[in-house]
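Novice: need coordinates for the following:
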Amino acid sequence: MPYHILVGSYTNEIVTLTFDPAGPSLEVTSKLQVGHHPSWIASSPDYPGYAWTGLEQADGRVVTLEVGEQGRLKKLAEVSSAGSDPCHLLVHNGEVIIANYSSGTVSFLPAHRDPSLAAKQTAISIQLSGSGPNTERQEGSHPHQVYLQEEYGELFVADLGADKVLRLTKTRDGSWKVIGEIDFSTIEPGGGPRHLAFLNGDMYTLLELTSRLTRHRVPRLPNTPTFVTSTPTMSQPLPQPNPMLAAEILIPPLTTSFPTPYIYISNRNDPSPEGDIISIFSPGDRSDGLQLVNEVRTGLKHVRGILFGGNDGRYLVAGGAQGGGVKIFERTDGGRGLREVVRNEGVEAPTGFAWV
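Specialist: Below you'll find the predicted structure:
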């Protein structure tokens, strides 16, 4: 069964790849010019046949896309993101939630399939504040991910610039409000929280600027989060400061084929000629620390986005924004390993993905 994958990029277009495991093959089947740097693509099972992307530019834009047969795209609408450089989007329960990196704002936009309605929407934004000790990257607030913790009904925002993760809940009038934060300034100053993921009530946060992985026990409010541990994202980290930057963290849902949880992390700018690594961690039980169980050389340069898809989440797509194109890996050894299945080196500057 072929799969279709949308590829965001640091170009002006989104590419659709068709992945056929039987071949195996990975072919470009369509392209669509959408605007400057559509780096992240968001889709949702609530809106089959649609996707959204942000244009990373000073006057940030959000583009609504229709996904047709074989993943072919049609641009339906484009509106303001109410901020600068939208780098991450989330679509849930009738909303597109946007992290505007440079302006330090989180924005909320109604999700509409009807292009006439989508083109008329105006985003509502929340201005964040704060800074950190890294004067080049933390001069102000820089939200880098919006993450919905559905069990708690909370929105978590990783703020790279302010060394914190914000917690938001909805008020009675349906708007979002900041109701708490998890501070990293004392445990990992200058770390720069980029992305996070949850497993069994624990929050795992990827710190971009120091390439570290942290674990917090995060109960429901008003209970207080507890810091558990912190570890490098690789077995042989370079002395700080260095040009390596951790990028993505994924904890795929458990399935019958993969019943044991693992944490997958992409690392960028590795000086090795074999390319960047994807690190695989075991969370252990709740009393343990984090165990690095594998490092997989990708042959890709500047691995920014990775994403699981396919039957039972068996496959992982990864891209090299600065070289190597796009590759599909298959999970092996119950999820402890990754095996390259197929590649397409012709895709330029891939940064993010959506399986559709």
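
Novice: per-residue pLDDT, the nearest residue to K327 once chain neighbours are set aside?
Specialist: Once flanking residues are discounted, K327 sits nearest to R343: 4.4 Å by CB to CB, 6 or more residues apart in numbering. C-betas here are computed from N, CA, C, even on glycine. Looking at R343, its pLDDT is 99.

Novice: go on, the one 4 residues further on?
Specialist: Turning to V347, the model gives it a pLDDT of 98.

Novice: what do you get for D288?
Specialist: What the model reports as pLDDT for D288 is 66.

Novice: next: the one 10 residues further on.
Specialist: pLDDT recorded at T298 is 99.

Novice: what's the helix or strand for the residue nearest the centre of the chain?
Specialist: Nearest to the geometric centre of the chain sits E248, at 5.7 Å (CA atoms, centre = their mean). Applying DSSP states H and E as the criterion places E248 in strand 245-250.

Novice: report the distance from the helix or strand containing the residue nearest to K327 to the chain centre.
Specialist: R343 is part of strand 337-344 when elements are defined by DSSP H and E. Strand 337-344 sits 20 Å away from the centroid of its parent chain (CA atoms, centre = their mean, to the nearest Å).

Novice: what's the following helix or strand after that strand?
Specialist: The first helix or strand that comes after strand 337-344 along the chain, using DSSP H and E, is strand 350-355.

Novice: ok, that next one: who's next to it in the sheet?
Specialist: Here strand 350-355 is paired, per DSSP bridges, with strand 3-9 (antiparallel).

Novice: what residues does the partner strand touch?
Specialist: Contact with strand 3-9 is made by 14-21, 29, 37-41, 43, 51, 53, 67, 70-71, 73, 305, 309-310, 315, 317, 319, 321, 326, 347-356, as judged by CB atoms under 8 Å, 6 or more residues apart in numbering.

Novice: pull out the buried members of these.
Specialist: Neighbour-count burial (16 or more other CB atoms under 10 Å) is assigned, among those, to 14-19, 21, 37-41, 43, 51, 53, 67, 71, 73, 305, 309-310, 315, 317, 319, 321, 326, 347, 349-356.

Novice: and L117, helix, strand or coil?
Specialist: Three-state assignment for L117 (DSSP: H, G, I helix; E, B strand; the rest coil): helix.

Novice: what about it, how many residues close to it?
Specialist: As a burial measure, L117 scores 13 neighbours (other CB atoms under 10 Å).

Novice: now do P259
Specialist: A count of nearby residues for P259, using other CB under 10 Å, gives 9.

Novice: any stretches of the stretch 101-250 of the chain with poor pLDDT?
Specialist: Low-confidence segments of the stretch 101-250 of the chain (pLDDT under 70): none present.

Novice: quick check: G299 touching S272?
Specialist: No. G299 is beyond contact range of S272, at 9.9 Å (criterion: CB atoms under 8 Å).

Novice: between these two, who's got more neighbours?
Specialist: More neighbours surround G299 than the other of G299 and S272, with 20 against 9 (other CB under 10 Å).

Novice: in contact with that one, which residues?
Specialist: For G299, the contact set (CB under 8 Å, 6+ apart) comprises E274, G275, G320, G324, K327, E340.

Novice: are any of those residues buried, and if so which?
Specialist: G275, G320, G324, K327.

Novice: is it possible to get those out as a markdown table so that each row also shows distance to F281, secondary structure and pLDDT?
Specialist: Output for the buried ones among the contacts of G299, formatted as a markdown table (distance: CB to CB, whole Å; DSSP: H, G, I helix; E, B strand; the rest coil; pLDDT from 0 to 100):
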| residue | distance to F281 | secondary structure | pLDDT |
| --- | --- | --- | --- |
| G275 | 20 | coil | 97 |
| G320 | 22 | strand | 98 |
| G324 | 23 | coil | 98 |
| K327 | 21 | strand | 99 |
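
Novice: ok, so of those, who is nearest G201?
Specialist: Here the nearest of these to G201, counting by CB to CB, is K327; it sits at 33.3 Å.

Novice: that closest one contacts Y315, doesn't it?
Specialist: No. Here K327 does not reach Y315: they are 10.3 Å apart, not a contact under CB under 8 Å.

Novice: mutual contacts of the two, please.
Specialist: Common contact partners of K327 and Y315 (CB under 8 Å, 6+ apart): V341.

Novice: hmm, back to that, got the angle for the strand holding R343 vs strand 350-355?
Specialist: Here strand 337-344 runs at an angle of 100 degrees relative to strand 350-355 (axes from the mean of the first three to the mean of the last three CA atoms, to 10 degrees).

Novice: by contact count, what packs against strand 337-344?
Specialist: Strand 337-344 sits against strand 25-33, strand 277-282, strand 291-297, strand 325-332, with contacts defined as 3 or more CB pairs under 8 Å, 6 or more residues apart in numbering; DSSP states H and E.
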